[in-house]
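# One predicted model, sequence on top.
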Amino acid sequence: MNIKVVLADDHAIVRHGLSRAFQQEKGLEVVGQAQDGLSLVKLVEELSPDVVVMDISMPDLNGIEATRRITAAHPKIKVIGLSMHSSDKYVREMFKAGACGYLLKDCPFDELVEAIRIVVNGKKYISPSIGDTIIKDYLTKPDQESAFSILSAREREVLQLLVEGHTTKQVGQRLGISPKTVEVHRTNIMEKLKMDNIAQLTKYAIQEGLTAPEP
């Protein structure tokens, strides 16, 4: 029986390249692709894949938050982070969100295939290219203050959408909440972070991995 894989990346060329490479692998089948976190969550609900290969920097809902939602609703689905970020912050937050593996985008394709087979068998996988220091930091360093400890999940979602340029009304529509509730979240975010303008919030969101900088 084939391992069903869903690919999540905001770059179509990355998704299509991976999809074509997977076609050559026996026992693996790409059943779906998503370009942002929100559509990915819906796609996973429809397709029930075995594995999600997850980019971190995606619009609307980043890979860390998407991982958190997917693993909470579907504990049997394995998520592997595939990112260009090697910082221990990203590795730590992906595993805390429920991921089973983490690789860098410059890894060989064979390593990704191996990681998929490993996590499907119930084990975790961290790419050796990330380095022993990162692994030790993840295992031993105490939790540091970050957006993931300061802000609630809903506040992080609101923050990402606001700094990506969505209006209060658009944020409310995407999250299924009223504009007034969005404004309450925005006020709480600014108070918690001690920031008072969108430029500061944008810089903070990029630093914390909630959104990607403009290309």
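Noted; the coordinates are in hand. Residues are numbered from 1 along each chain as shown.
# show me where this protein has helices.
12-22, 37-47, 63-73, 88-96, 109-120, 132-140, 147-150, 153-163, 168-175, 179-193, 198-207 (DSSP state H).
# Of those helices, which is nearest Met1?
With respect to Met1, and counting by Cβ to Cβ, the nearest of these is helix 109-120 at 10.9 Å. To be clear about C-beta, it is placed using only N, CA and C from the backbone, and glycine gets the same treatment.
# Check which residues of the closest one are buried.
Along helix 109-120, these residues count as buried under the neighbour rule (16 or more other Cβ atoms under 10 Å): 112-113, 115-120.
# out of the helices of the chain, which comes closest to Ile126?
Distances from Ile126 to each of the helices of the chain were compared using Cβ to Cβ; the minimum, 5.8 Å, belongs to helix 132-140.
# per the record, what domains does this protein have?
Recorded structural domains for the chain (assignment: automatic domain parsing) are 3-140, 147-207.
# Distance to Pro213 and mean pLDDT for those - can I get that in CSV?
Formatted as CSV, the entries for the domains of the chain read as follows, by distance: least, Cβ to Cβ, whole Å; pLDDT from 0 to 100:
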stretch, distance to Pro213, mean pLDDT
domain 3-140, 9, 91
domain 147-207, 5, 93
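# Go through the ones you listed and pick out the most buried.
Most buried of those, by mean neighbour count (mean count of other Cβ atoms under 10 Å): domain 3-140, with a mean of 18.
# so how far does stretch 52-71 reach from one end to the other?
With Cα to Cα, to the nearest Å as the measure, the first residue of stretch 52-71 is 10 Å from its last.
# dump the residue contacts of the residue nearest in space to the middle of the chain.
The centroid of the chain falls nearest to Gly63 when counting by Cα atoms, centre = their mean (1.1 Å). By Cβ atoms under 8 Å, 6 or more residues apart in numbering, the contact set of Gly63 is 8, 37, 54-57, 81, 83, 94.
# want to try CSV for the residues you listed, with distance to Val158 as columns?
Shown next, in CSV, are those (distance: Cβ to Cβ, whole Å):
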residue, distance to Val158
Ala8, 21
Gly37, 14
Met54, 21
Asp55, 21
Ile56, 19
Ser57, 18
Gly81, 23
Ser83, 23
Met94, 21
